[in-house]
Each structure stands twice: as C-alpha cells, then as structure tokens.
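**Q** any chance you could fold what I've pasted below:
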Amino acid sequence: MNPSEASGPNRILIVDDEPINIQVLSGILDDDYKLIAATKGQKALDLARRQKPDLILLDMIMPEMDGLEVCRALKADPETKDIPVIFVTSMSDAANEELGLQAGAVDYISKPVSPPIVKARVKIHIQNYLTVNFLQGLLSSQEMSMEEAKTGAEALLVFV
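**A** Purely as a prediction, here's the structure:
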C-alpha cells in the first residue's frame, strides 16, 4: 500500500476553545477529512491518544492548558510524538511563531485564516506524514527480512 491509499478519509483533530473557530475550520475541511474536535487541552491529548489523528490543528491561546503546553505534551508522548501539529492562532507575530515551531509544530497559520491556504497546508502535511509512516513501515519490513536472512545464513553455517 502506498501513502496515498489510506483506509478512508484522513482524520484531523481541531483544538480551539472557541467553538466558532472550530466551525470555521470544519467548514473548510469537512468535505475531505474526518474531523474530531476538542475545546480543552487535556481533552485534545486524550483524543489524540485514542483517535490517532493524521494531523492536529491547534490554537495557541486556551485557558487551563495553552497550545504550547499541549504541543509539548504531544511531542513528549511516544504515542503522539509523530502526529504533525499546525498552530492556527491569532498570535501572528514572529516570536510566537518561533515558539510554536520550537514546541514541535510543523507549521503556523495566522487567523483570520484563508481557506485555500488551510487546505493546501493540511494536504501537504498529511501527505508528508503518510509518506514518512509508509517509508518507516518499509524500513521495518526490510530490517526484519534482513534479520531473518541473517538468522537463516547463520543456521546454514552451523551445518557446514
């Protein structure tokens, strides 16, 4: 199976404490992706672990646990560390963008969003994520095949 042959639509987790922002992003992406949403950071972490989304769109400014904390927690968890995170936030200055990228995000989109830009960036990052997963699977398969061949060769040497 190649990276473009996903089983069903790709899953995106949208995290924003403002339901209207979730609605805006959902309106942009709903036709092409399976969407799940959270309005709190801890709920986002739980959903990411359980649902294994292919991408997370994350607001930076949220009560209780802000987006930077959520992103760092995602990247520290072995189950979620590889899921690409894109910050979608009104914090459009370079310093906050840098903080977001340093926290582990792959991209940064400023609000108000441009639908074509959101679609393009989401598509690119999901394709990259699926390609990396596909290649990692191939590499693991090759490593297992090489290990089996090595074990077989060692067994033959014992008989020689």
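**Q** any stretches of the protein with poor pLDDT?
**A** 1-7, 142-150, 152-160 (pLDDT under 70).
**Q** mind listing the helices for it?
**A** 19-29, 41-51, 67-76, 94-102, 115-159 (DSSP state H).
**Q** what's the closest non-adjacent residue to residue 107?
**A** Distance criterion Cβ to Cβ, 6 or more residues apart in numbering; nearest residue to residue 107, sequence neighbours excluded, is residue 86 at 4.4 Å. The C-beta positions use only the backbone N, C-alpha and C, and glycine is treated the same way.
**Q** the one you found: neighbour count?
**A** If you count neighbours by other Cβ atoms under 10 Å, residue 86 ends up with 20.
**Q** just residue 103 next, same as before
**A** The number of residues near residue 103, taken as other Cβ under 10 Å, comes to 20.
**Q** gap between it and residue 61?
**A** From residue 103 over to residue 61 the distance is 14 Å, taken as Cβ to Cβ, to the nearest Å.
**Q** show me the contacts for the nearest residue to residue 63 once chain neighbours are set aside.
**A** Ranked by Cβ to Cβ, 6+ apart and with sequence neighbours excluded, the top spatial neighbour of residue 63 is residue 17, at 6.2 Å. By Cβ atoms under 8 Å, 6 or more residues apart in numbering, residue 17 lies in contact with 39, 40, 59, 61, 62, 63.
**Q** for residue 45, same thing?
**A** Taking Cβ under 8 Å, 6+ apart as the test, what residue 45 contacts is 70, 73, 74, 77, 80.
**Q** ok, these vs residue 112, which is closest?
**A** Nearest to residue 112 out of those is residue 70 (Cβ to Cβ; 21.8 Å).
**Q** hang on, isn't the closest one packed against residue 41?
**A** Yes: between residue 70 and residue 41 there is a contact under Cβ atoms under 8 Å: 4.3 Å.
**Q** please enumerate the shared neighbours of those two.
**A** Going by Cβ under 8 Å, 6+ apart, residues that sit against residue 70 and also against residue 41 are 15, 62.
**Q** report how many residues lie close to residue 33.
**A** The burial count for residue 33: 21, using other Cβ under 10 Å.
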